[in-house]
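> What shape does this take:
(chains A, B, C, D, E and F)
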Protein chains: 4
Amino acid sequence: MASTYSMASTSFGANSRFDRQLSRILNHATAIFCEKGYEGASIRDLSRASGLSLAGLYYYFQSKDELLYLIQKHLFTSVMERLKENLKTAADPEKRLRIFISNHLAYFLARPKAMKVLSHEDDVLKGALGAEIRTLKRQYYHCCADLVEELKLTKKLKFKSRAVVLCLFGMMNWIHTWYNPRVDGDAATVAREIGNVFLRGIYASTSGR
Amino acid sequence: MASTYSMASTSFGANSRFDRQLSRILNHATAIFCEKGYEGASIRDLSRASGLSLAGLYYYFQSKDELLYLIQKHLFTSVMERLKENLKTAADPEKRLRIFISNHLAYFLARPKAMKVLSHEDDVLKGALGAEIRTLKRQYYHCCADLVEELKLTKKLKFKSRAVVLCLFGMMNWIHTWYNPRVDGDAATVAREIGNVFLRGIYASTSGR
Amino acid sequence: MASTYSMASTSFGANSRFDRQLSRILNHATAIFCEKGYEGASIRDLSRASGLSLAGLYYYFQSKDELLYLIQKHLFTSVMERLKENLKTAADPEKRLRIFISNHLAYFLARPKAMKVLSHEDDVLKGALGAEIRTLKRQYYHCCADLVEELKLTKKLKFKSRAVVLCLFGMMNWIHTWYNPRVDGDAATVAREIGNVFLRGIYASTSGR
Amino acid sequence: MASTYSMASTSFGANSRFDRQLSRILNHATAIFCEKGYEGASIRDLSRASGLSLAGLYYYFQSKDELLYLIQKHLFTSVMERLKENLKTAADPEKRLRIFISNHLAYFLARPKAMKVLSHEDDVLKGALGAEIRTLKRQYYHCCADLVEELKLTKKLKFKSRAVVLCLFGMMNWIHTWYNPRVDGDAATVAREIGNVFLRGIYASTSGR
DNA sequence: TATGAATGAGTGTTCATTCAT
DNA sequence: TATGAATGAACACTCATTCAT
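As a prediction, the model looks like this:
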């Protein structure tokens, strides 16, 4: 599997020695943050895992905060890129929403650790770095909200959009606490199931009641 | 509001001086774990918040781990107690499932910090304490799963129970990341909405597809 | 020799266990700051010297900065106290200025390390702590400047007071770079010599030229 | 203003590319040592300030110690050179001592940062480098002491030469803690004032008392 | 000449925890 | 019941320095 962090279209882009090394480090860091949480993880853990010296790591990032920032930024950026690519193939509102769901699950079920880091360490980053991440997250949320709105208009449905969209995110994101590929099937299967519950749930709504 | 931790029916039961003090401490600890996470929180934070000395706190618990254990155990125990009480009033399967949802939300939206601690610090506890918490959690999960199964049989529905129940938990538990009483209404309102999406979603299912 | 830091009239006052220990620590810290400079000294050095554990030290102060602050504050406060006491015994302006000089030298030649720390780490402290120290220092300077002004008026002398007072401080404070009791005599001797150079120097001045 | 460090008569002499670059580096280093002290300053600070890479700097010096050595050696060497030049113009003992004072102040008030580094980091250097600097310093001290002795003999004065010379150095070197050109006038003015205090001070001495 | 990449040793500070009282 | 005093281990991070290129 190619490095998660070195895709030509992101800032980790150019496949220089530096970028490849950074991407290796970020992958290790993701795994460690997943396992122990941001606070519980130590740069020493990362040093052990990556084989670099403690001091050597700091050549690649400025602080533990920045490490988390780089990870989260990359994830939001690249899941969104893929989403945009995938959405090009469909015009039907329902299909488009199903694409959102399956894009999200395909991306994150392939990176279960990343998914956990993203939802767990949601509000850790303060200051400018945190603000940038929150902006990316809001953009991603709005992609989904817009698709739901599109569907709502087309089908003349009645429901509180905010609550409904957040329910959908709840179903999708909670998955990292239980997903087991052998029991639950692949990402497409889970996406179909969640899509079913969600779409039937909102199609049946004719009033707020 | 009576202390969350000193209800007659739990082990913190008897309203002794010890129990009342412990319950105060656990409330402070919950708030701190919520704000900073288990790893990020320090016993010194708790000392400051509670007004007790660092050493004095250890009269009430053996370790930081046990502190989290006491909190989580109490929460699962008491939400389950309330659930059992509330379920006594209804026999209709749908109504009973709606009671599960509203019981969960009423309990946890009144204790948003506790809800966050429960989902955030889900897998922190290792060893015997962790095992006990996981058992309680499984029991609670099965309460819900049984209600869904009951409904499925009655209404002759077709769906993968496991996936569907976990979707429901996802919708309910994700709520701590977005719930705002002024925007989203009270617990009963949110429970109705989540119930709607979920029940309509599964009612409409006639096959696994 | 009684501890430098536990005089009844200062804030290190009450001879409690805590205060005695703190005063021991501050004495060690003074010696270390003197030898290696503030930046060059490490809390580990202090741990070694004092026999307390690294962590144990932090029971007595909040930060390395505060350590320096405590030392400097104590020195300025107590040299000033002694000065006020000593000045009570004389009314003659020249005698009073000679008292300033001999008080300064008696105090600091008995604490050569303290003298070096005070002049070397003059501008290290930033923020509130630094401001407080600078205020104390300014007060001490003005004590001296007032005595010089008194003499200038009495004897109708002509000179730039600022330059002259700062010359006097220069002579007194530079001493830590060269003073050797066996070669240079005791504090009273040095004070007499500096007093001579200074007083004859300003008595002979009738114009700014 | 020509570089402080690349004068034909010093070892940084020949105006080669190397020497010009080294001289730039030493100027930056002086500023940084002045601002943060020797211990507090880091080679990284110097890298930032000079624009050279961390590793690149080491082409110009062997160690941080040598950096300080080069600075201090240059300062003593070149202030002494100028002194010798200036002393050629006068034969009268008093005039010659006044030349020492004004040469010292003219040189160092034009390089306030250098003056601070010289007095602050006086005893930092250990081993051979430190010994060499101490030798230069002693030579400079003796230049002054000889001039004072000359005057003492000529005018048949009585005082402890050592104490008196060190008083003079105290007045001159302490200046870096207070000198403000707008308030205190130029170097010549300050030199006259210090010369006045000092010369009148010793002229008036007819006994050690 | 100059740099990118790396390191071992050290920094100030905080941690959960203990023990005599 | 509760605390003051203390500790070993760990923390994030920076240091001066090096070496292949």
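
> remind me which residues of chain A are low pLDDT?
By pLDDT under 70, the weakly predicted segments of chain A are A:1-14, A:205-209.

> Around DNA strand F, pick out the residues from it.
Within chain A, the positions near DNA strand F by C-beta under 7 Å from any atom of the strand are A:41-45, A:54-55, A:58, A:62-65. Every C-beta, even on glycine, is put in place using the N, C-alpha and C of the backbone.

> A:Val117 contacts A:Gln72, correct?
Yes: counting by C-beta atoms under 8 Å, A:Val117 does reach A:Gln72; the two are 7.3 Å apart.

> re earlier: in helices, which of the residues of chain A next to DNA strand F appear?
The helices, defined by DSSP state H, take in A:43-45, A:54-55, A:64-65 from the residues of chain A next to DNA strand F.

> and those, which two are the farthest apart?
Pairwise distances across those peak at 17.8 Å for A:Ala55 and A:Asp65 (criterion: C-beta to C-beta).

> For A:Tyr60, give me its contacts.
A:18, A:21-22, A:25 (C-beta atoms under 8 Å, 6 or more residues apart in numbering or on different chains).

> and the helix or strand hosting A:Asn27, anywhere near chain D?
Using DSSP states H and E, A:Asn27 falls within helix A:17-40. No: applying C-beta under 8 Å from any C-beta of the partner chain, one finds helix A:17-40 separated from chain D by no less than 14.9 Å.

> and A:Asp122, which of the three is it?
Classification of A:Asp122 using DSSP: H, G, I helix; E, B strand; the rest coil returns coil.

> Please identify the nearest residue in space to it, excluding sequence neighbours.
B:Thr177 (6.9 Å; C-beta to C-beta, 6 or more residues apart in numbering or on different chains).

> State the distance from that neighbour to chain C.
B:Thr177 sits 36 Å away from chain C when distances are taken as C-beta to the nearest C-beta, to the nearest Å.

> Repeat that for A:Ala106.
For A:Ala106, the distance to chain C - C-beta to the nearest C-beta - is 49 Å.

> now do A:His176
For A:His176, the distance to chain C equals 38 Å [C-beta to the nearest C-beta].

> ok, that residue touching A:Arg111?
No: if you go by C-beta under 8 Å, A:His176 and A:Arg111 don't touch, sitting 9.9 Å apart.

> Could you pull up the residues touching the closest residue to A:Phe76 other than its chain neighbours?
Leaving aside its sequence neighbours, A:Phe76 sits nearest to A:Leu136 (C-beta to C-beta, 6+ apart; 4.0 Å). A:Leu136 makes contact with A:72-73, A:76-77, A:80 under the criterion C-beta under 8 Å, 6+ apart.

> What strand or helix carries A:Leu136?
Using DSSP H and E, A:Leu136 falls in helix A:127-154.

> Please point out which parts of that helix sit buried.
Buried positions in helix A:127-154, judged by neighbour count with 16 or more other C-beta atoms under 10 Å in any protein chain shown: A:129-130, A:133, A:136, A:140, A:143-145, A:147-148, A:151-152.

> Same list (those residues) but as CSV, adding distance to C:Lys88.
Listed next are these as CSV, based on distance: C-beta to C-beta, whole Å:
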residue, distance to C:Lys88
A:Leu129, 61
A:Gly130, 61
A:Ile133, 67
A:Leu136, 72
A:Tyr140, 77
A:Cys143, 81
A:Cys144, 82
A:Ala145, 80
A:Leu147, 87
A:Val148, 85
A:Leu151, 91
A:Lys152, 89
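
> nearest to D:Ser161, of the residues you listed?
A:Leu129 (64.6 Å).

> List the contacts of that closest one.
Applying C-beta under 8 Å, 6+ apart, we find A:Leu129 in contact with A:65-66, A:69.

> Neighbour-wise, which one of the residues you listed leads?
Among the contacts of A:Leu129, the one with the most neighbours (other C-beta atoms under 10 Å in any protein chain shown) is A:Tyr69, at 21 neighbours.

> I'd say that residue and A:Ala128 touch.
No: between A:Tyr69 and A:Ala128 no contact is recorded; they are 9.3 Å apart, counting by C-beta under 8 Å.

> For chain B, see how far away A:Ala29 is.
Here A:Ala29 is placed at a distance of 16 Å from chain B (C-beta to the nearest C-beta).

> what's the neighbour count on that residue?
A:Ala29 has 26 nearby residues by other C-beta under 10 Å.

> same check, this time on A:Glu81
If we define neighbours as other C-beta under 10 Å, then A:Glu81 has 13 of them.

> try A:Glu85
The local packing of A:Glu85 (other C-beta under 10 Å) involves 10 other residues.

> Distance check, the one residue in chain A that gets nearest to chain D against chain C.
Closest approach of chain A to chain D (C-beta to the nearest C-beta) occurs at A:Tyr59, with a separation of 10.9 Å. Taking C-beta to the nearest C-beta as the measure, A:Tyr59 falls 25 Å from chain C.

> mind putting the contacts of A:Leu129 in TSV, distance to chain D included?
Below are those laid out as TSV (distance: C-beta to the nearest C-beta, whole Å):
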residue	distance to chain D
A:Asp65	20
A:Glu66	18
A:Tyr69	23
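
> and the ones in helices among the residues of chain A next to DNA strand F, which are buried?
In terms of neighbour count (16+ other C-beta under 10 Å), the buried residues within these are A:43, A:45, A:64-65.

> Please, which helix or strand holds A:Leu157?
Using DSSP H and E, A:Leu157 is not contained in any helix or strand.

> Need phi/psi at it.
A:Leu157 adopts backbone torsions of phi -90, psi 160, taken as degrees, to the nearest 10.

> Compute the number of surrounding residues for it.
16.

> Surely it is in contact with A:Ala204?
No: counting by C-beta under 8 Å, A:Ala204 is not a contact partner of A:Leu157; they are 9.2 Å apart.

> I am finished for the moment; much appreciated.
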